[in-house]
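# What would the 3D arrangement of this be:
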Amino acid sequence: MYSERQQGSAWLDFLGENAQVLSILGFFIACLVFFSLGSANFPTANNFLNILRQAAPILIVAVAMTFVIVTAGIDLSVGSQVALVNAIAAMLLAAGWPWVPVVVAMIAFGIAVGLAQGWFIAYQGIPAFIVTLAGLSILRGIALWLTAGFSIPIPPIPGFFAMGRGAVWGIPVPALIAIGVVVLGLVTLQLTKYGRQVVAVGSNAEAARRVGMPARWTIASVYGLTGAASALAGLLIAARLGSGSSNAAVGFELQVIAAVVLGGTSLMGGRGTILGTVLGALTIAVIGNGLILMHISPFFTQIVTGAIILVAIWLNTRIFSARLAPRRRRA
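Prediction:
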């Protein structure tokens with residue numbers, strides 16, 4: 001009797017611990033099958049590469065957002081950070097600045113903006129929702145003020161444009177950059193001391209502080225990560241479109257947060273998975289692409305996307321995971 005429970009518990013533990021990742025994987029596969037049947041243009045190599053190219057900015061920021069949400073925080077300003085970097089980079093490049101220093105400067109600027117918000121959250125005790133909601137408005141407002149609401153064209157710069165339009169061995173450069181960010185995030189969260197501190201702070205910040213962890217700095221630092229990721233995403237979007245605009249990435253933050261939560265990261269903190277975030281981001285990209293190829297009105301696309309995400313998360317948290325939890329406890 002004892003041995004049977006032990007044999008069963010290992011499998012139930014695996015299902016319980018990976019329930020949300022497995023469920024989003026199943027939902028992702030279901031979306032691929034559905035859209036493949038609904039449009040002959042969907043299951044093609046060119047379309048899949050296009051999905052990867054378009055999903056790269058969301059995926060890059062979603063990896064960083066995973067760290068923020070694991071600490072029980074939230075960053076609503078990432079879309080505005082993308083727009084501001086997008087606009088400033090275009091202005092600098094149009095003024096004749098070399099593209100490599102511009103890329104480095106924009107990423108450093110993104111880190112500084114993120115850390116500034118993190119300081120208010122971690123050291124001043126202001127809720128992350130309030131700080132980043134203010135950042136959403138302030139940063140977008142600065143972008144609008146700098147550009148006067150106009151799009152800023154970027155002169156032909158082959159090296160810079162290759163970031164958004166190039167390909168290596170047939171794989172889009174933005175996708176390769178996103179893959180690099182995913183690998184870095186996966187290693188950092190699972191295998192490094194910093195990753196363990198992020199999880200510990202998200203589980204219980206006060207307990208982490210009492211055992212000597214730099215809880216406040218850890219919280220502030222994750223917003224620096226979203227700042228850097230947002231800057232990189234803004235640069236990729238500018239390089240792909242060949243222009244910068246204060247109206248870029250409207251609603252971007254909602255897609256990023258949805259990707260992270262859809263992937264199984266807990267909004268309560270203390271638990272997150274980069275693999276789930278990847279599946280969540282790709283699922284959202286596939287839904288958007290598939291609906292367009294099925295000639296569904298773009299005004300209706302947002303409704304369908306939001307409804308699918310809501311239902312998927314509900315099934316994930318209320319049915320699949322909830323039913324496994326009692327079985328794990330009994331085992």
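# Check the burial of residue 145 by counting its neighbours.
By the criterion of other C-beta atoms under 10 Å, residue 145 has 11 neighbours. Using the backbone N, CA and C atoms, a C-beta is placed for each residue, glycine as well.
# cool, residue 302 as well?
There are 14 residues near residue 302, going by other C-beta under 10 Å.
# Could you confirm it falls within a helix?
Yes: Residue 302 forms part of a helix when assessed by DSSP: H, G, I helix; E, B strand; the rest coil.
# all helices for the stretch 151-300 of the chain, in order.
Taking DSSP state H, counting those that start in this stretch as the test, the helices found in the stretch 151-300 of the chain are 158-165, 173-191, 193-203, 205-210, 215-241, 252-262, 274-293, 298-314.
# Could you dump those helices into TSV with distance to residue 149 and mean pLDDT added?
Listed next are the helices of the stretch 151-300 of the chain as TSV, based on distance: least, C-beta to C-beta, whole Å; pLDDT from 0 to 100:
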stretch	distance to residue 149	mean pLDDT
helix 158-165	23	89
helix 173-191	27	93
helix 193-203	38	89
helix 205-210	41	78
helix 215-241	16	94
helix 252-262	18	87
helix 274-293	26	90
helix 298-314	22	72
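# Nearest to residue 53, out of the ones you listed?
helix 173-191 (5.3 Å; C-beta to C-beta).
# Sort out which residues of the closest one are buried, please.
173-179, 181-182, 185-186, 188-189 (16 or more other C-beta atoms under 10 Å).
# what is the orientation angle of that helix with helix 274-293?
Angle of helix 173-191 versus helix 274-293, following axes from the mean of the first three to the mean of the last three C-alpha atoms, to 10 degrees, is 150 degrees.
# for helix 173-191, packing partners?
Applying 3 or more C-beta pairs under 8 Å, 6 or more residues apart in numbering; DSSP states H and E, one finds that helix 173-191 contacts helix 45-70, helix 158-165, helix 193-203, helix 215-241, helix 274-293.
# I'd like the distance from the first one to the chain centre, please.
This means helix 45-70. Offset of helix 45-70 from its chain centre (C-alpha atoms, centre = their mean, to the nearest Å): 6 Å.
# Kindly report the same for the longest one.
Centre-to-centre, helix 215-241 and its host chain are 10 Å apart (C-alpha atoms, centre = their mean).
# For that helix, which residues meet the burial criterion?
Buried residues in helix 215-241, counted by 16+ other C-beta under 10 Å: 215-216, 218-241.
# residue contacts, the closest residue in space to residue 174 that isn't next to it in sequence?
Nearest non-adjacent residue to residue 174, counting by C-beta to C-beta, 6 or more residues apart in numbering: residue 56, 3.6 Å away. Residue 56 is in contact with 172, 174-175, 177-178, 233, 236, counting by C-beta atoms under 8 Å, 6 or more residues apart in numbering.
# nearest to residue 299, of the helices and strands packed on helix 173-191?
Residue 299 lies closest to helix 274-293 among the helices and strands packed on helix 173-191, at 11.2 Å (C-beta to C-beta).
# how about residue 139, what does it touch?
77, 80-81, 83-84, 113.
# Residue 249: which of those is nearest?
For the contacts of residue 139, the nearest to residue 249 is residue 83 (5.2 Å; C-beta to C-beta).
# Would you check that my belief about the closest one contacting residue 253 is correct?
No: Residue 83 is beyond contact range of residue 253, at 10.7 Å (criterion: C-beta atoms under 8 Å).
# which of the two has more neighbours?
It is residue 83, of residue 83 and residue 253, that has more neighbours when counted by other C-beta under 10 Å, with 27 against 24.
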